[in-house]
Each structure stands twice: as C-alpha cells, then as structure tokens.
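J.: Next come a sequence and a model predicted from it.
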Amino acid sequence: MLALAVYLGLIQLGLVRSPLAPSAGGDIALARSEQAGLRVLFVGNSYTSTNSMPALVHELAAAEPGAPAIFTVQYAAPGWRLASASRDDGLAALLEDVRWNVVVLQEQSQIPAFSPSERDQEMLPFARDLVGKIRESVARPLLFMTWGYEDGDQENVPQDTFTAMQARLEEGYSDLAGELSIPVAPVGLAWAEALRRDPELELWAGDGKHPSRLGSYLTACVFYATLSGRDPTKSGFTAGLDEADARSLQEVASDVVNG
C-alpha cells in the first residue's frame, strides 16, 4: 500500500507517467520526415489502439502496387473521450509537431448513442474545439463512426441490441458531422453490413465491445478506402487472416465506402 501511494504521488507530481495517459505510437518518424505520403493522426481510445489498427491502414497501402504511402500515428488512452483530448497538452503539441493531412477523432463508445441533448453536452463542445484546432493546423478532421456492442448498451438502454445501438451511433455521428461540416468514416455501417452478410462473423473480442482481429481489419479497410479513395480489394495485405475472410471484409469496406 505504501509503494502504491508513493507511485500515485509521483504520477501526480508528473515524475512518473500514468499507464492510463495517452501515448503516441506508429509511424511518427516517417510522419516527421520529408518522404511523400499521407500523414494521418488517429485520436481515440482502445477502440483505435486495439490490434494496432492504424498500423493495419499503413500496411494496406504498402501492399497495393502503385498506392501512395499512408503514415499512421495513434494517440490514444484507455477510455479516452473527446472531452479529455480537447484539453490535452500532449495532443496540442503533436498537432504542431507534424504537418498532418488528416486527424481522425474517435469518441467514447457510448456517448454518440445518447440522446441529442446529452450529446450536445457530453460531445459537441469538445468535438467543436478539437475540429477548430485541427483546422488551425491545416489538417482535415475526420470522424470515426464506431460500432455498437454485441448485445447493445444495456447499461443505459434495457433490452438493447446491436442493431438498435448502431442506429443511434449512426444518428449521433451523422448529426455531429452535419453540425461541424466534416466527413465520417462509416466503420459502424461496415460492421452492420458484414454481419448482415454473415451473422456468425466474430468481429468482437470476448467482451462483446472491443474488436477482434477481424473487427480491426475491417475497420482498417474502411479507413483505407475513406482516406485514399482506393479499393481495399486491390491490397494484398491480409494481417495474417484467412485469405477468404480478408477478401470478404475488403469487399464489405469497398461496398460501404465506395458504393
């Protein structure tokens, strides 16, 4: 107990970094370099960082002949919200450190599915602040529409389902995008379409919330199509998945993003 108290005290003094603090990872050296490529910063929480999803986007680009490079960096922390990101000095410094092309914003997994009045209080002002900072840095903001829980958000909505929660998330992100005039990467819509085609698809990890490897790969394919405007089925990168499974997820992402 004494050791824990000392450790927490050091964290409060800023002498030791908290394990829950956000950290940057990925292609930071390449993003800072003069090499040609799209520079993308992903700001979010474990939905973004699980399975190093941004790195999968980089690999999808690298494995398509003739495709421009995409240098991806993640700045994430467990349970992070846009409210936390909007007042984080580390993020502010990172926005100034690199000439980003795109900055992706991912909200906590439940908040965009709340009522409009709750979203206006819990999400909108912080998203507006971040979008302003991103635009000042001459980057383009992009929203990350996440997916519903496997059994819905029954903590807040008794007898909820994935389909119902996903519909609320779509509404929440669409309303926010319209309010701030920014685009959305339709990851949640791709999850819904993939599950419509194959209801047995295991996109979630064991907790029914976070992505499995399949879920992160589908997410990365959506981002690759959204960021590059290219067809993810042209990439040979499968992230170690069964080739047929990877191809199926690439096709879902391509159909959802490119119509």
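T.: Cool, the structure landed. Numbers count the residues shown, from 1 in each chain.

J.: okay, the residue at minimal distance from the centre of the chain: pLDDT?
T.: Computing the C-alpha centroid of the chain and ranking residues by Cα atoms, centre = their mean puts Thr48 first, at 4.2 Å. With respect to pLDDT, Thr48 scores 98.

J.: mind checking the SS state of it?
T.: Counting by DSSP: H, G, I helix; E, B strand; the rest coil, the backbone at Thr48 sits in helix.

J.: Let me know whether it touches Pro54 as I believe.
T.: Yes. The pair Thr48 / Pro54 is scored as a contact, 6.9 Å apart, by Cβ atoms under 8 Å. Using the backbone N, CA and C atoms, a C-beta is placed for each residue, glycine as well.

J.: Can you work out which residues contact both of those two?
T.: 42, 74 (Cβ atoms under 8 Å, 6 or more residues apart in numbering).

J.: Enumerate every residue touching Ala113.
T.: Here Ala113 is in contact with 148, 153, 156, 165, 168-169, 172 (criterion: Cβ under 8 Å, 6+ apart).

J.: Could you rerun that using 7 Å?
T.: Contacts of Ala113 were listed using Cβ atoms under 7 Å, 6 or more residues apart in numbering, and they are 153, 165, 168-169, 172.

J.: what's the answer for Gly37, then?
T.: 30, 68-71.

J.: which helix of this protein spans the most residues?
T.: helix 162-180 (DSSP state H).

J.: helices and strands around that helix, which ones?
T.: Here helix 162-180 touches helix 124-136, strand 140-144, strand 184-185, helix 187-197, going by 3 or more Cβ pairs under 7 Å, 6 or more residues apart in numbering; DSSP states H and E.

J.: Can you tell me which of those is nearest to Val40?
T.: Val40 lies closest to strand 140-144 among these, at 8.4 Å (Cβ to Cβ).

J.: in its sheet, what does the closest one sit against?
T.: strand 102-105 (parallel), strand 184-185 (parallel) (DSSP bridges).

J.: Just put these in JSON lines and tack on distance to Ala253, mean pLDDT and mean neighbour count.
T.: Shown next, in JSON lines, are the strands paired with strand 140-144 (distance: least, Cβ to Cβ, whole Å; pLDDT from 0 to 100; neighbours: other Cβ atoms under 10 Å):
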{"stretch": "strand 102-105", "distance to Ala253": "15", "mean pLDDT": "98", "mean neighbour count": "24"}
{"stretch": "strand 184-185", "distance to Ala253": "10", "mean pLDDT": "98", "mean neighbour count": "22"}
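
J.: that older thread, for Glu122, see how far away the residue nearest to the centre of the chain is.
T.: 19 Å (Cβ to Cβ, to the nearest Å).

J.: same deal with Asp153?
T.: Taking Cβ to Cβ, one finds Asp153 at 14 Å from Glu122.

J.: So the two - more neighbours on which side?
T.: The residue with more neighbours, out of Asp153 and Glu122, is Asp153; 21 against 18, by other Cβ atoms under 10 Å.

J.: Contact partners for the more buried one?
T.: By Cβ under 7 Å, 6+ apart, the neighbours of Asp153 are 110, 113, 160, 165.

J.: Most neighbours among these, which one is it?
T.: That'd be Ala113 among the contacts of Asp153, by other Cβ under 10 Å, with 28 neighbours.

J.: Spit out the contact partners of the nearest residue to Arg128 once chain neighbours are set aside.
T.: Closest residue in space to Arg128, ignoring its immediate chain neighbours: Leu180 at 6.2 Å, by Cβ to Cβ, 6 or more residues apart in numbering. Contact partners of Leu180, counting by Cβ under 7 Å, 6+ apart, are 127-128, 131.
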